[in-house]
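Trainee: My questions are about this predicted structure, shown below with the sequence.
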Amino acid sequence: MGWVVCKFVSFQMRKASFIQLLYDKAIVLESDKRAWENLPEAQAMREALTPWINHDAEAKENL
């Protein structure tokens, strides 16, 4: 019966380390995403892909 407990604990430890690995990877990806969003290239790309945002703002100013 002791081996069942040992296997269960081993499984739980592996599961916890896998979850921690996924969490760490998500944190790194989120950090990279925020770093990219703050680059001037990203801002230029956003403006190029969504030109109507500026047009909407200009239209409101002209009213």
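Mentor: Received the coordinates, thanks. Numbers count the residues shown, from 1 in each chain.

Trainee: wait, what's in contact with I27?
Mentor: Not one residue lies near I27 by C-beta atoms under 8 Å, 6 or more residues apart in numbering. Quick note: C-beta positions are derived from backbone N, CA and C, even for glycine.

Trainee: distance of it from W36?
Mentor: From I27 across to W36, the span is 15 Å (C-beta to C-beta, to the nearest Å).

Trainee: ditto for K25
Mentor: Counting by C-beta to C-beta, the gap between K25 and W36 amounts to 16 Å.

Trainee: got a pLDDT number for H55?
Mentor: H55 is assigned 68 on the pLDDT scale.

Trainee: ugh, typo on my part, it should be F11
Mentor: At F11, the pLDDT value in this model is 88.

Trainee: Okay, it and E30: tell me how far apart.
Mentor: For F11, the distance to E30 equals 29 Å [C-beta to C-beta].

Trainee: Okay, now the unreliable bits of this structure?
Mentor: Applying pLDDT under 70 to the chain picks out residues 54-59, 63.

Trainee: Thanks again, I'm all set now.
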